[in-house]
Structures are given as structure tokens and as C-alpha cells.
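1. Pasted the sequence and its predicted model underneath.
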Amino acid sequence: MKPGNFTRRLLYWASVAAGLVLAIVPLPAWLDVVRPDLALLAILYWILTSPRIAGLGYAWLAGLFLDVLRGMTLGQHALGFLVVAFLAHRLQLRMRMFPILHQAASVMLLLGVYHFVIFWTDGLTGHGYTGWNRWLPVLTGALLWPLIVAAGDSVTRRSR
């Protein structure tokens with residue numbers, strides 16, 4: 001394995017771990033409703049920039065960690081992360097060519113798929129919540145996407 005690959009894998013896991021930690025940090029109720037899915041956004045960033053490093057297994061494992069950290073149904077977030085990572089892998093060559101605002105719109109659709117999977121599994125387990133504010137993290141994640149790309153590009157540029 002090349003030294004650059006090791007550094008990128010380390011950056012991948014560090015950014016996903018930071019997203020997972022920020023997913024469980026207590027926030028006020030009004031702010032918790034709009035909390036973006038930072039771990040999933042980090043996974044999407046790495047799938048688009050380094051698809052050989054950010055594989056489907058890593059996305060599934062990160063989702064499983066999120067299930068354990070949040071005490072949710074085991075496999076719920078893992079399934080959501082896996083579906084979104086698969087779609088992002090399939091579309092990554094196209095998405096990389098998009099301008100940043102089009103990328104943000106694509107990321108918004110992928111986050112919508114993720115939240116639909118979570119909504120669906122919540123309904124299957126009897127924990128369904130159908131409020132409109134359930135979908136706010138999709139919007140905040142899309143709005144945050146240009147900042148994530150800028151931060152990720154500056155970190156990877158420095159690590160080369």
C-alpha cells in the first residue's frame with residue numbers, strides 16, 4: 001500500500017469518526033432537529049474523491065457504529081449508509097463533473113434516500129414519526145455540502 005493511500009484511509013476514518021461523534025453530541029431541541037448527517041456527508045465526500053478507499057464495507061461499518069452509538073435498531077443506519085454509498089459509487093463519475101451547486105442538489109437527493117430508508121425502517125419497527133421536520137437534515141446537509149468539499153479539498157491538498 002502506498003503511503004498516500006494510508007494517509008487517505010486515515011483521513012477517511014478520522015473524518016467519519018468526527019461525524020459519528022458529532023452525531024451523538026447533545027444539542028438543544030431546536031438545533032437537534034436540523035442536525036446534518038455529517039458522517040454520511042464525509043462518506044459521500046470520500047466516495048466522490050477517492051472511490052477505491054471509501055468502499056461499501058466501510059460505509060456499512062460506519063452505519064453500524066452509528067446504530068450502536070445512538071441505540072437504534074441494529075442495522076438501520078448501516079442499511080441507509082450502504083444504499084446511499086452504493087448509489088454514490090454508481091454515480092460518482094458523473095457527480096464529480098457537476099458544478100458544486102449541482103453536486104449539492106445530488107447530495108440532497110442521496111440524503112433524501114437515506115432518510116427515506118430510515119423512515120421506512122422506523123415504520124417497520126413501530127417507531128414511525130411522520131412530522132415534516134424529520135426531513136430538515138436533508139436540507140441542512142445539502143446546504144453544508146460546499147463547505148465540506150472546501151474543507152476536504154484543503155485537507156487532502158495539504159496531506160499530499
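-> Thanks, I have it.
2. Could you report the distance from Gly57 to Ala78?
-> 11 Å (CB to CB, to the nearest Å). Heads up, the C-betas are built off the backbone N, CA and C, glycines and all.
3. the more surrounded of these two?
-> For Gly57 versus Ala78, the count of surrounding residues by other CB atoms under 10 Å is larger for Ala78: 21 against 10.
4. I'd say that one and Val68 touch.
-> No - taking CB atoms under 8 Å as the contact criterion, Ala78 and Val68 are not neighbours in contact, 9.8 Å apart.
5. What distance do you get for the residue most central in space within the chain to Gly123?
-> Nearest to the mean C-alpha position of the chain, counting by CA atoms, centre = their mean, stands Leu40 at 0.9 Å. Note on Leu40: its distance to Gly123, by CB to CB, is 20 Å.
6. Stretch 22-32 - what's its average pLDDT?
-> Here the mean pLDDT over stretch 22-32 is 92, rounded to a whole number.
7. Also stretch 42-61?
-> For stretch 42-61, mean pLDDT is 92.
8. what comes up buried for that stretch?
-> By 16 or more other CB atoms under 10 Å, the buried positions in stretch 42-61 come out as 42-50, 53-54, 58-61.
9. Kindly report the same for stretch 72-92.
-> Neighbour-count burial for stretch 72-92, counted by 16+ other CB under 10 Å, picks out 72-73, 76-85, 87-89, 91-92.
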